[in-house]
Structure formats: structure tokens, C-alpha cells
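[1] sequence unknown, structure follows:
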């Protein structure tokens, strides 16, 4: 009984959440950025297709106002920490890309209301490569990257 | 009950939220070393973070996020006691949600 109610509440809140995102994004762009899980972007095997599908463009400008904190060497490619912060005005989305992973787009974070442009998570990487942070600010995309040497692979057996 | 752990701490006007979720985050590329069979993809696709029932951040993930995902984000304007809710949904249709309250940090607000 309680379980059934909880499930309904949960469903309701997820639905309301998606609707909220769609409404927010509608103001910024006609594309439903992050309104639902973007299969094309996340299953794409190349970065330009993933970015175009996720954020509407593959054109990015390099910016040192995006700071990536991550280890120089990841002893274990299955788990290492990546933190992205930015001072760029009007930031709405931060995407994290592992440039040589089979599907390079790892995560996209959409920020709303009082959120501060900061995110930290842990990711996997198949081999030594650049971790790229792409930030959407206003209508433009900015990026910065950091080379990470992987000592033991995060993919495969 | 969920397996999501949330810690939300208020320092000055900034609230830092740290959460840990319990999930295998399988890519669908790995083989089971005993049976030789591919382990099916099983990963969190979406995470929704709310403060006082308002969305502050949504995340979309691939299986490139590590197993038992860690997520930290920050926002302004929270108060001790405000509810933080983190909800995830995975590619197999499972979902979990947890709510915790913001706690005052050790540093005092400087006004």
C-alpha cells in the first residue's frame, strides 16, 4: 500500500521534473536539450555528432574560464574524479566527454535556478586521452580539456 | 528506502550537496569471465536534484560514469532544514529517490 503510493509519487515527481526541464529549455532553444535521455548523443561514437545532438552545435571555443580538476594519471581507469567549474556568464549546461571512449559523451548536467556552475563526479576511461568539458553559455559552446594518462583500462574485462 | 546517500552542507550562502548512489553502471561491453556471456548494459540515465521541490540540476549519464556513482553540486540560497531530493532512473526502468535536509556547516555565515 505504502509502496504503491510511493511509486505513484515518484512517478509523478519524475514526470513533473521532465516537464519542468522541457519548459526551461524551451525558453533557450527549440531543441529539448536534456529533456529526456538523448539516445543519439549518448550512443554516438564521435564527439561532433554527440555535441550536435545534445547541444545543437559542434562548434566550440576554447576558454580558460572552464577549470577541470582531475588527476594527471589515473591509476585505475574505471574510477577517477573529474570536477568542472566555470565563470562563464549564462552557463546552462556542462557536458563531460572522454575523447577516446567508444561512446565519448559521458555526462551532461543542466543547471537551473540558484545552481552554481560546478559539478563533480567519477568517470571511466578506456585509455589515455583528453577529458573535455563543454559548457553551454547563452547560445555559444565553450570547451577546455585536460590530458589524463590511464595506467589500467576502464573498459573491457 | 533507497541506497542513495545525500549530504548537504550550508556554508555562507552556498550549499554543497554530495551524493553516492548504489548502481553497477554496466556498459554492455563487458564479458562475464565465468560464462563468457556479455553482461547487459545497466546504468543510470537520468538524475534529478531538487531543493524545496524546485529542480536545481538534472544529469544525463552514459555508462561512462563509474559504478556506484558519486555526484556533487552546489547552489545558493538554501537554508538549514530545506529538503534536498535526488531521484535517479536507469535504462531498465528502475528508479530510486531519497530526501535529506540541509545541515548548517562549521563555517559561520559572514554577512
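    All right, it came through fine. Everything quoted here is computed from the prediction, not taken from an experiment.

[2] Could you pull out the strands in chain A for me?
    Secondary structure of chain A (DSSP state E): strands at A:61-62, A:66-69, A:73-74, A:80-86, A:91-98, A:105-111, A:115-123, A:129-137, A:140-150.

[3] Mind listing what's buried along the longest one?
    Within strand A:140-150, the residues that qualify as buried are A:141-146, A:148, A:150, counting by 16 or more other Cβ atoms under 10 Å in any protein chain shown. C-beta: built from backbone N, CA, C; applies to glycine.

[4] same check, this time on stretch B:21-35
    Under 16+ other Cβ under 10 Å, the buried positions of stretch B:21-35 are B:21, B:23, B:25-27.

[5] Farthest pair within these?
    For the buried residues of stretch B:21-35, with distances taken as Cβ to Cβ, the pair at the greatest spread is B:21 and B:27 (16.6 Å).

[6] List the contacts of the residue lying closest to residue A:106 once chain neighbours are set aside.
    Spatial nearest neighbour of residue A:106, chain neighbours left out: residue B:64 (3.6 Å); criterion: Cβ to Cβ, 6 or more residues apart in numbering or on different chains. Under the criterion of Cβ atoms under 8 Å, 6 or more residues apart in numbering or on different chains, the neighbours of residue B:64 are A:98, A:101, A:103, A:105-107, A:123-125, B:27.

[7] redo that, cut-off 7 Å
    A:98, A:101, A:103, A:106, A:123-124 (Cβ atoms under 7 Å, 6 or more residues apart in numbering or on different chains).

[8] give me phi/psi at it?
    phi -80, psi -10 (degrees, to the nearest 10).

[9] how many neighbours does residue B:74 have?
    23 (other Cβ atoms under 10 Å in any protein chain shown).

[10] what are the bridge partners for it, then?
    Counting by DSSP bridges, residue B:74 forms beta bridges with residue A:116, residue B:16.

[11] Could you do the one 10 residues further on as well?
    The residues paired with residue B:84 through beta bridges, assigned by DSSP bridges, are residue B:51, residue B:100.

[12] do you know how far it is from chain A?
    For residue B:84, the distance to chain A (Cβ to the nearest Cβ, to the nearest Å) stands at 12 Å.

[13] Looking at the buried residues of stretch B:21-35, which one is closest to residue B:5?
    residue B:21 (8.0 Å).

[14] Double-check that closest one against residue B:87; I have them as touching.
    No. In this structure residue B:21 lies outside contact range of residue B:87 using Cβ atoms under 7 Å: 10.3 Å.

[15] in chain A, which residue is closest to the centre?
    residue A:108 (2.0 Å; Cα atoms, centre = their mean).

[16] That one contacts residue A:97, doesn't it?
    No. Using Cβ under 7 Å, residue A:108 is not in contact with residue A:97, being 9.5 Å away.

[17] Out of the strands of chain A, which is closest to residue B:80?
    Comparing the strands of chain A by their distance to residue B:80 (Cβ to Cβ), the top pick is strand A:115-123, with 18.0 Å.

[18] okay, the angle between the closest one and strand A:129-137?
    Calculated by axes from the mean of the first three to the mean of the last three Cα atoms, to 10 degrees, strand A:115-123 forms an angle of 160 degrees with strand A:129-137.
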